[in-house]
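K.L.:
output the structure for:
(4 chains, ligands or ions: 4)
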Amino acid sequence: MALTTYLEAIRQGIWEEMEKDERVFILGEDVGVYGGAFKVTAGMLDHFGPQRVIDTPISESAIVGAAIGASYMGMRPVAEMQFIDFISCAFDQITNVAAKSRYRWGAGVPIVIRGPSGGNTHGGPFHSQNVESYFFHTPGLKIVQPSTAYDAKGLIKAAIRDDDPVLYLEHKYLYRRIKEEIPEDDYVVPIGKATVRRKGNDLGIITYGAAVYTALEAAESLTAEGVETEVLDIRTILPLDEEAVLETAKKVSKVIVLHEACLTGGAGGEIVARIAEKAFDFLDGPVMRVAAQDTPVPYSPPLEEYFLPQTDDVLQAARKLLAY
Amino acid sequence: MALTTYLEAIRQGIWEEMEKDERVFILGEDVGVYGGAFKVTAGMLDHFGPQRVIDTPISESAIVGAAIGASYMGMRPVAEMQFIDFISCAFDQITNVAAKSRYRWGAGVPIVIRGPSGGNTHGGPFHSQNVESYFFHTPGLKIVQPSTAYDAKGLIKAAIRDDDPVLYLEHKYLYRRIKEEIPEDDYVVPIGKATVRRKGNDLGIITYGAAVYTALEAAESLTAEGVETEVLDIRTILPLDEEAVLETAKKVSKVIVLHEACLTGGAGGEIVARIAEKAFDFLDGPVMRVAAQDTPVPYSPPLEEYFLPQTDDVLQAARKLLAY
Amino acid sequence: MIDRKSEGATRTNKKAEIPKDIKTQLLYYMKLTREIEYRIERVLYRQGKIVGGVYVGRGQEAISVGTGMLMGENDVATPTHRDMGIFLLRGISPRRIIAQYMGRKTGVTKGKDGNMHMGDLKHNIIAFVSHLGDNVPVAAGVALSFKMRGEDRVAFCYNGEGATSRGDWHEGVNLAAVHKLPVVFFINNNQYAYSTPMDLQMATENVADRAPGYSMPGDVVDGNDVLAVYESAKRAVDWARSGKGPYLVEYKTFRMTGHSAHDDAGYVPKELFEEWKKKDPIERLVTQMTSRNEITNEEIERMDNEITAVVDDAVEWADKSPYPDPEDCLRDVYYDR
Amino acid sequence: MIDRKSEGATRTNKKAEIPKDIKTQLLYYMKLTREIEYRIERVLYRQGKIVGGVYVGRGQEAISVGTGMLMGENDVATPTHRDMGIFLLRGISPRRIIAQYMGRKTGVTKGKDGNMHMGDLKHNIIAFVSHLGDNVPVAAGVALSFKMRGEDRVAFCYNGEGATSRGDWHEGVNLAAVHKLPVVFFINNNQYAYSTPMDLQMATENVADRAPGYSMPGDVVDGNDVLAVYESAKRAVDWARSGKGPYLVEYKTFRMTGHSAHDDAGYVPKELFEEWKKKDPIERLVTQMTSRNEITNEEIERMDNEITAVVDDAVEWADKSPYPDPEDCLRDVYYDR
Ligand SMILES: Cc1ncc(C[n+]2csc(CCOP(=O)(O)OP(=O)(O)O)c2C)c(N)n1
Ligand SMILES: Cc1ncc(C[n+]2csc(CCOP(=O)(O)OP(=O)(O)O)c2C)c(N)n1
Ligand SMILES: [Mg+2]
Ligand SMILES: [Mg+2]
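P.N.:
Numbers count the residues shown, from 1 in each chain, chains lettered A, B, ... in the order given. Ligands and ions are numbered 1, 2, ... in the order given. Just a heads-up that it's a prediction; the model follows:
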């Protein structure tokens, strides 16, 4: 079987759902003729036509608002943010209109908002952000971030079929770097379920998105020191799979929470808080966090490298924790 | 000396700063003739004139954007959101333009964005929110939330004099309910400094805003059970006074973090994470959180009461923790 | 304050063509709207029975009623906070409406949200969110789905003049214009947004002056003349229905109260209230209909009595309705949870 | 593609009045702009020496240069991503600019941000943020401060036609119009926003068609004729400076490249490139000046050589410049920290 990139997996997932369900359509900037800034929607305009692949004006708030309106009428829109950073312009529609709708008046909003996120590509302060933490405080919303091609496809399908609004955060650093064999038949990866990427008993790293690879690299290098590290990829950030988080924490007793977003106010704080409260008796050391610096994402390579959490940072935290 | 309300304290603080510094001006919806929806700017139009008290169109993003632009030119704008809930419409300008400006190109943005926040007034999903957690993940921004009239005045003055953008979150439930004697002379309450509202050795409650009163009530009622509770009012949510947080945590060994915003993704997670990592050895029990339910703010009184963290919820957590 | 611009302006002659039974319905719904709002604002609110704030459309009833009468079974409305008429016309019962204001479980939103923030997809009404202008992209999306599926349906999007300053208003209207979506933007220009007068809200005399900037027709109509409202709405809705794209109609009117129940509108010159009182839309229709012998005083009295009874019943029913259970707080955040 | 509307449209005769030395400067800065962008996009980028993406204004140089020439010492610009001319005219050195693109410590933003995201208050330039349209309320605020303090200064606000779809564009323009703020909105309408053509961006033929919706003059001008650009900008800036409020000028032009360095613009019909190549703003000014004997071939050659030398020097200097220290990452998040 051929290898499928993370990017292609997303494209396949959307494509298949559009084939299967005529309520599904795409809207966003340059998603049509151009196929999207990163080509996630390449070929879709030709195949599905301009009624279902809609190039919009530069209006993120209207993109999301229109998706909401169409979803009220039974459609299943998939809205693209050209870079996820621009989702800030649609913050109001997402948090106030979409997320609260079912709760307020029983009208579900089955929309997907997706876009390229993350750093490590020298995109600077406005093309590198991880925005999950900005939306994490929003009951009614779901947030997923796949780390593998398999999950990328399975989660986009689950997101499209979900009856609630889902933020689907793609990591652009993984788009073409990650390739794997994925099943040709239809499958979904359930929203709300974490997965163990590597088993271990000595230490746990709880993480998601591109940072999963940083965690795996750290885990690999710890083997040499005789340390078996469990890596838990939470995949869904909201609602959080607390059960899986606590299971790992209780098993390994020493936990690092790792994410690429900056530290303060990051989703990591919530994960730590759940562990600190509900697995307290099992802990053999402080729950540590490794994350990006508390600054905007800088542009120049030495700055960005310093900014992002590196494998060495994880190793340093691990050694401190292991020595506990 | 006369008693000054929390609301009047804010008004005095702004007024005095406007008297002292002609760079300070006000803009927002209905801040002029009407004196603001809650009358925080009452009388200012008459006294300072329409050049310095500017009624704007219903354009939160432009209000903040214009404040930023004026601040680049040396002004010190104080922008009002009629209800803080509407700040969602200005999310992009705040997080991307204001907060990153100094970092990106050295241009400070000395603006204050203020407005009535919080629930307990049957305002429903769009007139009751606590928005601090939405902005908490934003390096470059400062966020304060006063709980007393003294702090309300001292912090608004500090915010206006601050060289960085400050979100000043007023709790509307406190506006007219809180009254105290405050000094007539000029003073500031430094941004970034927590304060102990009540000393104690057995238990600590770390909180801010209106929840300070919930904490004090719980503390009072615990005295009867012989428990001395320390209540730490962090006042500044960003940047967090980690030192004070850790000091309380280390001293009492049993900590509850309490806030009115809903639990998941709330600022409480960050506070817990700091304690769990940096005061681990001092803890005699899990760090617990008490917060609002993970739902939008419901309208009907029984729902809102259930939604908000009540003194009883704090007591329940306290007893669990004390039994540890 | 008369029809202006674009096709069919000043077709006052056409008013004669509106059949008597339509006029009677217009009168009924304007009166019902006024009575319900009166009860809410001037009675129940003062009795402390209303939860939260109250916004009414007193003096502006012709707008929601005159336009709402044009809604076909499958058309969809995104009303705003002064459009009570829409809810009544769409068949939301006065009982559920009063219960809504009282925060009861039997209210339209089961106590989850309050006052005008009610909606019901079964009645093709999308609930208003406080954030002004947010309903514009939403209405565009509703219309987009109609266009995609080739359905003969129109979205009715309501806003005050103040809401048009919001970025979302611009984005939504532009999107509708680019894709020629079947949506009509109805603007109630009551000349104030809270305390803010028109000249601090926009630099033009009319909201409709913005319509050409989207290649869209924009009419200015007397919003206190329900027959003019009805006709202008028909023109606009026909246009949208026939696939020509969006249409904007601005209704000049006046808010005969404060912004909300706690606002005494001290900032509004008293003369304005007096001037506009003379233009009361209900009085005007009554005068016109009686002068044409289209309705008798007796019939009016019967109508008034019926309305009083309906609202009495609604208040009584609502007042007896239970509050939601506290634990309902946790329901419906997500599907099936 | 000729002047239109409002005061002074089609004053082509006036072009003769632009003094020779101004024309020479216009030529110099257009050429310098093109050369710097050529070096960045076609040389350094391909050598892998540029960090991140690259956007250039090839073929559009007349706009930033022709308008920027009107900036007085104290006027303030909020340029966007195709306005290199502004930086050069405001005295930001080519050395710092190239260093900016290379992510060096000596770049305008010290490596913190990249490419066009540069600004320097000492030079009265406010740094662009990626989020299109965000600079419009900011420019309004700049102009507000001028008005409040009674200063004789104007804000120059730049955007592409695509950015005008953003809500912030509307909010900012409206605010400026309501308060009659001294700001000029310059629109480069290069007919594409990334791959999106005009007709999918707005329903009107011109961005300027929106100006009346804000009671603001709006001109449509040939953006590839630098003299027309200069004159129209003068008209607009004079208007704003004299306290009459904002002004919008739309420059019709064409993006003679892809959206950014990695985009081959396959979606643009080839004929359009050919058509617009003939309208090259630099060639046009050269032809006009030489035909009037306002410049000799020798002088042009000297100018070209000077520019090459300036840019060579800048590249060399930048390439030798250090990268920022990793720990600089932590600096300047807050004042004095
Ligand atoms: C985005 C936003 N900002 C502020 C408010 C507060 N607010 C509620 S109604 C109102 C005035 C609305 O004026 P207009 O749109 O003219 O409608 P009217 O009330 O006059 O019918 C304001 C400012 C809001 N609801 N939403
Ligand atoms: C809010 C926002 N959405 C999307 C983008 C991505 N983007 C960058 S440039 C561009 C096209 C801009 O078109 P236009 O405004 O016409 O300027 P031009 O590039 O043609 O000069 C887009 C969509 C952005 N920068 N900001
Ligand atoms: Mg109004
Ligand atoms: Mg363009």
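K.L.:
nearest spatial neighbour of the residue in the stretch 201-337 of chain C that ligand 3 sits nearest to, skipping sequence neighbours?
P.N.:
Of all residues in the stretch 201-337 of chain C, C:Arg255 sits closest to ligand 3, at 6.5 Å by Cβ to the ion. (C-beta placed from N, C-alpha, C; glycine too.) Distance criterion Cβ to Cβ, 6 or more residues apart in numbering or on different chains; nearest residue to C:Arg255, sequence neighbours excluded, is C:Asn190 at 4.1 Å.
K.L.:
likewise A:Glu29?
P.N.:
Closest residue to A:Glu29 apart from its sequence neighbours, by Cβ to Cβ, 6+ apart: A:Gln82 at 5.0 Å.
K.L.:
just checking, C:Lys234 is part of a strand?
P.N.:
No. Counting by DSSP: H, G, I helix; E, B strand; the rest coil, C:Lys234 falls outside a strand, being helix.
K.L.:
where does the closest residue to it other than its chain neighbours fall, phi/psi-wise?
P.N.:
Of all residues beyond its chain neighbours, the one nearest C:Lys234 is C:Leu70 (5.6 Å), with distances taken as Cβ to Cβ, 6+ apart. With angles defined as degrees, to the nearest 10, C:Leu70 sits at phi -90, psi -10.
K.L.:
my guess is the residue nearest to A:Glu29 meets A:Ala37, correct?
P.N.:
Yes. With contact defined as Cβ atoms under 8 Å, A:Gln82 counts as touching A:Ala37 (5.0 Å).
K.L.:
next, the distance between the ends of stretch C:292-301.
P.N.:
One end of stretch C:292-301 sits 17 Å from the other (Cα to Cα, to the nearest Å).
K.L.:
how much space is there between C:Val325 and C:Lys105?
P.N.:
Heads up, residue C:325 is Asp, not Val. Distance, C:Asp325 to C:Lys105, using Cβ to Cβ, to the nearest Å: 8 Å.
K.L.:
of the two, who's got more company?
P.N.:
Legend: neighbour count by other Cβ atoms under 10 Å in any protein chain shown for C:Asp325 and C:Lys105, higher for C:Lys105 (18 against 13).
K.L.:
what about residue 228, neighbour count?
P.N.:
Reading this off chain A. 14.
K.L.:
oops, I was thinking of chain C
P.N.:
When counting by other Cβ under 10 Å, one arrives at 25 neighbours for C:Ala228.
K.L.:
per-residue pLDDT, the residue in the stretch 1-150 of chain A that ligand 4 sits nearest to?
P.N.:
Using Cβ to the ion, A:Ile58 is the residue of the stretch 1-150 of chain A that sits closest to ligand 4, at 9.5 Å. Per-residue pLDDT puts A:Ile58 at 98.
K.L.:
equivalent analysis for A:Tyr324, please.
P.N.:
88.
K.L.:
next, it: secondary structure please.
P.N.:
coil.
K.L.:
against ligand 4, how distant is the residue nearest to C:Lys234?
P.N.:
39 Å (Cβ to the ion, to the nearest Å).
K.L.:
what of A:Asp151?
P.N.:
To ligand 4, A:Asp151 is 37 Å away according to Cβ to the ion.
K.L.:
now the helix or strand where that residue lies: average pLDDT?
P.N.:
According to DSSP states H and E, A:Asp151 maps onto helix A:149-161. For helix A:149-161, mean pLDDT is 98.
K.L.:
while we're on C:Ala9, how confident is the model there?
P.N.:
For C:Ala9, pLDDT reads 40.
K.L.:
do C:Ser291 as well
P.N.:
pLDDT, C:Ser291: 96.
K.L.:
that one: what's it in contact with?
P.N.:
For C:Ser291, the contact set (Cβ atoms under 8 Å, 6 or more residues apart in numbering or on different chains) is empty.
K.L.:
quick check: it vs chain A, distance?
P.N.:
C:Ser291 is 43 Å from chain A, where distance means Cβ to the nearest Cβ, to the nearest Å.
K.L.:
point me to the residue of the stretch 151-300 of chain A nearest chain D.
P.N.:
Closest residue of the stretch 151-300 of chain A to chain D, Cβ to the nearest Cβ: A:Ser300 (3.2 Å).
K.L.:
excluding sequence neighbours, find me the nearest residue to C:Gly213.
P.N.:
Leaving aside its chain neighbours, C:Gly213 sits nearest to D:Arg210 (3.6 Å; criterion: Cβ to Cβ, 6+ apart).
K.L.:
so the one you found, which state does it fall into?
P.N.:
Per three-state DSSP, D:Arg210 ends up helix.
K.L.:
what is the burial count for it?
P.N.:
Residues within reach of D:Arg210, counting by other Cβ under 10 Å, total 26.
K.L.:
what pLDDT does it get?
P.N.:
98.
K.L.:
I'd say it and D:Pro217 touch.
P.N.:
No. Applying Cβ under 8 Å, one finds D:Arg210 not in contact with D:Pro217, separated by 11.8 Å.
K.L.:
give me the common contacts of the two.
P.N.:
Residues touching both D:Arg210 and D:Pro217 (Cβ under 8 Å, 6+ apart) are D:Leu248.
K.L.:
show the backbone phi and psi for A:Gly118.
P.N.:
Torsion angles, degrees, to the nearest 10, at A:Gly118: phi 90, psi 160.
K.L.:
so it sits right up against A:Ala210, yeah?
P.N.:
Yes. Using Cβ under 8 Å, A:Gly118 is in contact with A:Ala210, at 5.6 Å.
K.L.:
who has more neighbours, the two?
P.N.:
Using other Cβ under 10 Å as the criterion, A:Gly118 and A:Ala210 rank with A:Gly118 on top: 27 against 24.
K.L.:
for A:Pro57, which non-adjacent residue is spatially closest?
P.N.:
Closest residue to A:Pro57 apart from its sequence neighbours, by Cβ to Cβ, 6+ apart: D:Ser165 at 3.6 Å.
K.L.:
contact partners for the one you found?
P.N.:
A:Pro57, A:Ile58, A:Ser59, C:His170, C:Glu171, C:Asn174, D:Gly133, D:Gln201, D:Met202.
K.L.:
any idea of the pLDDT on the fourth one?
P.N.:
So the one you mean is C:His170. So, for C:His170, pLDDT stands at 98.
K.L.:
okay if I get the contacts of D:Ser165 as JSON lines plus neighbour count and distance to A:Asn96?
P.N.:
JSON lines is the format used below for these (neighbours: other Cβ atoms under 10 Å in any protein chain shown; distance: Cβ to Cβ, whole Å):
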{"residue": "A:Pro57", "neighbour count": "25", "distance to A:Asn96": "22"}
{"residue": "A:Ile58", "neighbour count": "28", "distance to A:Asn96": "21"}
{"residue": "A:Ser59", "neighbour count": "31", "distance to A:Asn96": "17"}
{"residue": "C:His170", "neighbour count": "32", "distance to A:Asn96": "18"}
{"residue": "C:Glu171", "neighbour count": "35", "distance to A:Asn96": "15"}
{"residue": "C:Asn174", "neighbour count": "33", "distance to A:Asn96": "21"}
{"residue": "D:Gly133", "neighbour count": "30", "distance to A:Asn96": "20"}
{"residue": "D:Gln201", "neighbour count": "27", "distance to A:Asn96": "27"}
{"residue": "D:Met202", "neighbour count": "24", "distance to A:Asn96": "27"}
